[in-house]
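> Test case, fold it:
(chains A and B)
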Amino acid sequence: DTGVSQNPRHKITKRGQNVTFRCDPISEHNRLYWYRQTLGQGPEFLTYFQNEAQLEKSRLLSDRFSAERPKGSFSTLEIQRTEQGDSAMYLCASSFGRTTGANVLTFGAGSRLTVL
Amino acid sequence: GQQVMQIPQYQHVQEGEDFTTYCNSSTTLSNIQWYKQRPGGHPVFLIQLVKSGEVKKQKRLTFQFGEAKKNSSLHITATQTTDVGTYFCAGSAQGAGTASKLTFGTGTRLQVTL
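Residues are numbered from 1 along each chain as shown, chains lettered A, B, ... in the order given. Here you go, the predicted structure:
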């Protein structure tokens, strides 16, 4: 296993189109996170899963965003009716959740979205 | 909601000079983590601090967690060009459990020149 894999690496789309990103976490990791990062900013939390359950979703996240992790392995993040403000790097991270202690995140290289 | 701020936003030093970035949370944290993001790269985990007042060292890097568990700092001694990047702190709110999200700070971008 070589780490967290994200596809596609780059996506250019027109406003109003739907886009989907895929994340393959480290195989033994049970937790998967999606973050969004714009230039000069820190990663902003979007949502996270433990196994196949989506446990938290950012209140700032529009209803146009949806994420799934159907079998507790890979995850998809879909953005419907894209807007120019959705242009950002979408980062996926995974971790092994323990009963005590915090999660150490391993990030993927990210999927860069440009909405024209 | 929880906010995590870092200062300075940007620092430019000459190789060999020291560098410090400070991280302040609006809420008490259960732990603090530090990540480094190289230009064009993704965040990479550096270290985690859990105990109040904890200090950890990694070669030229010294990390500190405040007594009140609301602030942290990263100090680099004798910077090198390989230290270039953006340093983020990230914390989990106290009482939120281990499954809570990490809130990232605003980051400090470090530029090192010869």
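
> And for stretch A:50-61, what's in contact with it?
A:30-31, A:44-49, A:67-72, A:97, B:1, B:99-101 (C-beta atoms under 8 Å, 6 or more residues apart in numbering or on different chains). Where you see a C-beta, it was placed from the backbone N, CA and C, and this is true even at glycine.

> Would you mind measuring from the residue lying closest to A:G42 once chain neighbours are set aside to B:V4?
In space, and not counting its chain neighbours, A:G42 is closest to B:F104: 3.8 Å by C-beta to C-beta, 6 or more residues apart in numbering or on different chains. To B:V4, B:F104 is 7 Å away according to C-beta to C-beta, to the nearest Å.

> repeat for B:F88
9 Å.

> Overlap in contacts, these two.
In contact with both B:F88 and B:V4: A:42, B:104-105, using C-beta under 8 Å, 6+ apart.

> Buried ones from the contacts of stretch A:50-61, can you make that a ChimeraX selection?
In ChimeraX, this line selects whichever of these come out buried by 16 or more other C-beta atoms under 10 Å in any protein chain shown:
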select /A:30,31,44,45,46,47,48,49,67,69,97 /B:99,100,101
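
> Among the contacts of stretch A:50-61, which ones are in strands?
Within these, residues falling in strands by DSSP state E are A:31, A:44-49, A:67-68.

> ok, and which of the residues you listed reach chain B?
Among the ones in strands among the contacts of stretch A:50-61, the residues that sit close to chain B (C-beta under 8 Å from any C-beta of the partner chain) are A:31, A:44-45, A:48.

> List the contacts of the residue nearest to B:T28 when sequence neighbours are not counted.
Distance criterion C-beta to C-beta, 6+ apart; nearest residue to B:T28, sequence neighbours excluded, is B:Q94 at 4.5 Å. Contact analysis of B:Q94 by C-beta under 8 Å, 6+ apart lists B:27-30, B:69.
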